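J.: Provided below are the primary sequence and the corresponding predicted coordinates.
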Amino acid sequence: MRPCAEFAANRQEATRVQLYLPIADIPVNVFLILAMGAAVGFVSGMFGIGGGFLMTPLLIFVGIAPAVAVASVASHIAASSFSGAISYWRRRAIDPLLAAVLLIGGTLGTTLGVWTFTFLRSLGQLDLMIALSYVILLTTVGGLMFWEGLRAMLRARGGRPVTLRKPGSHGWIHGLPLKLRFKRSKIYLSVIPVVVVGLAIGFIGAVMGIGGGFILVPLMIYVLRVPTSTVIGTSMVLTLVTMVFATMLHAVTNHLVDAVLALILMVGGVTGAQFGARAGQKIRGEHLRLLLGLLVLAVGIRFAVELVIRPQDLFSIRETGGAPP
Amino acid sequence: MRLRAALAIIGLAAASLAAAPAHAERLIVSVSNHRVTVTPNYSGGELVLFGSVEKDDKTPANRSNYDLVVTVSGPRADMVTRRKERKFGIWINTDSRQFLQVPGYLALFSNRPFDQIASPEVQRRQQLGLNNVLLMQRVGPDYADVVPNDPFRSAFVRLRSEHGLYREATSAVTFLTPTLFRTGIPLPAEVPIGTYNVEIKLFSDGALVTKAETAFEIVKVGFEQFVATTARHNGLVYGLITAFMALMTGWMASIVFRKD
C-alpha cells in the first residue's frame, strides 16, 4: 500500500481544480483566478491600461495576502505590457528616448518603492498603507476621470466642439533647464519633469502593485504634452521595465512573488485583453473615460469602506521567523 | 552554572526514583504514517494514532480506568498577533504581542473532558488543554505565558483554531478495548511542513501514570514545493525566471493574437 493512499481516499474529486499556491500558501480555484485574470484583462484591453489597480484588490478580496498580491501582480503586468509594447513597437508608436529618460526615474522609484514596502512590512503597517494609498489615489484619479468624462460628454451633447488646451500654451514645466529633443514625439522638453514622473510611477507601482498606466497616460498628456500617437506605447515600455524590475526586487528582497499565481493571471489576462481591445474600439472615447473613471472610483470607495467599518476580526497573526531546524 | 546542572541532575534522579514505582504500565504507540507527503492538491487528511496500554505484574490488579491525553505539536516559529483599533476614523494595527517559538500546529485529544481526568493543578502542570499549553510570549521585557483569557492569547488560539491548526477534542481518543486505543490526527490543507511530536500521557485516578512519545514528519512534494524552496533560497534566479516567464507569455500572446 502506498504511503499516501489514506490521504488519497480522503480527498474529494471536486477539489481537483484546487491548486496550491506555493508562496501565497493557500489553495485556490484555478478557474476563479483564470476568470479574474480574463476579466481584468478584458477591462485593461478595453481602456488600454495594465489593470493592476483592479487585479491586486481582487486578489486581496479572494484571500491572498496583500503583500503577495502586490508582488505577484507586478509580473502579471509585465506580461500584459510586453505584449502591448510589441504591437506598439511594430506600429512605431514608441518614443525610445522618452522611454529611456522615464526609465531613469522609474528604476529609481521602483527601488525606493520596494525598500519602503519592506520597511512597512516590518512595521506591520503594510496592509494599511496599501489600503490607504489605494483609497487616496483611486478616489482622486477616478473622480477626476469621471468628472472630465462627464464634462466631455455634456459638451459633445450640447453640440459644442471639444476644446483641448491650445498646443502652444506652455506652463512653467516647459521653462525648466536640461532640455532634450524627443524626435519621435516631436517635443522639446526638460528631462527633469520626465524623470520625476517616472520616479513617481515606479514608486507607487512597487508599493501598490499597479503598473500606473492609468495615472501615467494622463500625466504624459496633460503635464508633459506628449502627443497621443506615442503616449500609450511609451507608457507601456515604462510599465514593462518597472514591473520586470519590481518583480526581480520583490523576489530577491521579500520572497513574495508567487510564480504559479502570476502565470495563471498572465494567461487569463493576455487572452481577456484581446477581446477587451476589440470591445473598446466600439465605444466612444468620452464614454470610455467615464466608465473607467467610475471603475477606478468604485475600487477606491471599496477600500475606503473597508478601512472605516469595524473589521470582523480585530486580531491578526503573522509568522515572523521560522524555527531553527 | 555548575551548581544548577548538579541540581538538575539531582532533580532528575529524584524524579526518576519517584516515577519508578508508577512505571507499572507501558504505552506502545504508533502512527499510521511516519512520513506524510503532501501533494499540491492536498486538501486535508487524517493520520491515525494507535496504541495499547501494556500492564505488567507491578500493575495494581484493579486498575483499569485509564485516561489518555495526546498532544501533537508541529514545527515551532515566532509569530506576532496584532490588534486593530480605531484611530482617526479608520481601523489600524496598534498593539501587538510576540509569541516566541510556538507550535505551528497544536492538537490536544483526550477520551473525556480534561477536568474529569485530573485536577486543575495537574492540568496546568501537564499542560492539558489549549488553555494550559505553554505559549511563550514577550511581554515588555519579560518572557512568559499569560492567563488563558488574555485577549492576545485567546485571539491567537482562536485564529489558529479557525484554520484548523490548533484544536482540542475531548472525545477524540477512543478505547477499543480497556487497553487498546486509537485517535485520529486531522491535518488541514495548511499544515506547516516539518517534524511533529506526539506525546501521549496516560492518567489514572487523576495522576500521571506514564507517557510515551513518537513523531512524524510532513513533507511537501511536487512542483509547488520546489517553487517555494527556490523562491526562498535563490531569490535572484527565481525572480529572473519569473520575469522571463512574464516576457515569454506576453510575447506568445502578441504572436497568437496578431491580427495584422
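T.: Nice, thanks for sending it over. Residues are numbered from 1 along each chain as shown, chains lettered A, B, ... in the order given.
J.: tell me the SS of residue B:195?
T.: The assignment at residue B:195 comes out as strand when based on DSSP: H, G, I helix; E, B strand; the rest coil.
J.: which residue packs closest to it, ignoring adjacent ones?
T.: residue B:217 (5.3 Å; CB to CB, 6 or more residues apart in numbering or on different chains). Every residue, glycine included, has its C-beta placed from N, CA and C.
J.: for the one you found, phi and psi?
T.: Backbone torsions of residue B:217, given as degrees, to the nearest 10, read phi -130, psi 140.
J.: that one contacts residue B:38, correct?
T.: No. In this structure residue B:217 lies outside contact range of residue B:38 using CB atoms under 8 Å: 10.7 Å.
J.: how near is residue B:199 to residue B:34?
T.: Separation of residue B:199 from residue B:34 (CB to CB, to the nearest Å): 16 Å.
J.: looking at these two, which is more packed in?
T.: In this view residue B:199 and residue B:34 are compared by other CB atoms under 10 Å in any protein chain shown, and residue B:199 has more residues nearby, 18 against 13.
J.: by contact count, what packs against the helix or strand harbouring residue A:238?
T.: Take DSSP states H and E as the rule and residue A:238 turns out to sit in helix A:228-249. In terms of contacts (3 or more CB pairs under 8 Å, 6 or more residues apart in numbering or on different chains; DSSP states H and E), helix A:228-249 is packed against helix A:66-90, helix A:96-123, helix A:191-208, helix A:213-222, helix B:235-256.
J.: so how far is the longest one off the chain centroid?
T.: Here the centre of helix A:96-123 is set off from its chain's centre by 14 Å, with CA atoms, centre = their mean, to the nearest Å.
J.: average pLDDT for that helix?
T.: Mean pLDDT, helix A:96-123: 86.
J.: what segments of the stretch 101-250 of chain B are helices?
T.: Under the criterion DSSP state H, counting those that start in this stretch, the stretch 101-250 of chain B contains helices at B:114-117, B:120-125, B:151-162, B:223-233, B:235-256.
J.: now these as JSON lines including mean neighbour count, distance to residue A:319 and mean pLDDT?
T.: Shown next, in JSON lines, are the helices of the stretch 101-250 of chain B (neighbours: other CB atoms under 10 Å in any protein chain shown; distance: least, CB to CB, whole Å; pLDDT from 0 to 100):
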{"stretch": "helix B:114-117", "mean neighbour count": "18", "distance to residue A:319": "28", "mean pLDDT": "86"}
{"stretch": "helix B:120-125", "mean neighbour count": "14", "distance to residue A:319": "27", "mean pLDDT": "85"}
{"stretch": "helix B:151-162", "mean neighbour count": "18", "distance to residue A:319": "11", "mean pLDDT": "88"}
{"stretch": "helix B:223-233", "mean neighbour count": "17", "distance to residue A:319": "13", "mean pLDDT": "78"}
{"stretch": "helix B:235-256", "mean neighbour count": "19", "distance to residue A:319": "18", "mean pLDDT": "86"}
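J.: I'd like to know which of those helices is closest to residue A:275.
T.: With CB to CB, the closest approach to residue A:275 among those belongs to helix B:235-256: 12.2 Å.
J.: could you measure from the residue in the stretch 51-200 of chain A positioned nearest to chain B over to residue A:237?
T.: Of all residues in the stretch 51-200 of chain A, residue A:82 sits closest to chain B, at 3.0 Å by CB to the nearest CB. Using CB to CB, we find residue A:82 at a distance of 9 Å from residue A:237.
J.: the more surrounded of the two?
T.: For residue A:82 versus residue A:237, the count of surrounding residues by other CB under 10 Å is larger for residue A:82: 27 against 24.
J.: just to check, that one is in contact with residue B:251?
T.: Yes. Counting by CB under 8 Å, residue A:82 does reach residue B:251; the two are 6.5 Å apart.
J.: what are the buried residues along the lengthiest helix in chain A?
T.: Ordering each helix of chain A by length in residues (DSSP state H) puts helix A:126-157 first. Using 16 or more other CB atoms under 10 Å in any protein chain shown as the test for burial, helix A:126-157 gives A:126-132, A:134-135, A:137-139, A:141-142, A:145-146, A:148-149, A:152-153.
J.: the helix or strand just after it - contacts with which helices or strands?
T.: Downstream of helix A:126-157, the next assigned helix or strand under DSSP H and E is strand A:179-182. The contact analysis (3+ CB pairs under 8 Å, 6+ apart) places strand A:179-182 against helix A:96-123, strand A:187-190.
J.: so for strand A:179-182, mean pLDDT?
T.: Mean per-residue pLDDT for strand A:179-182: 76.
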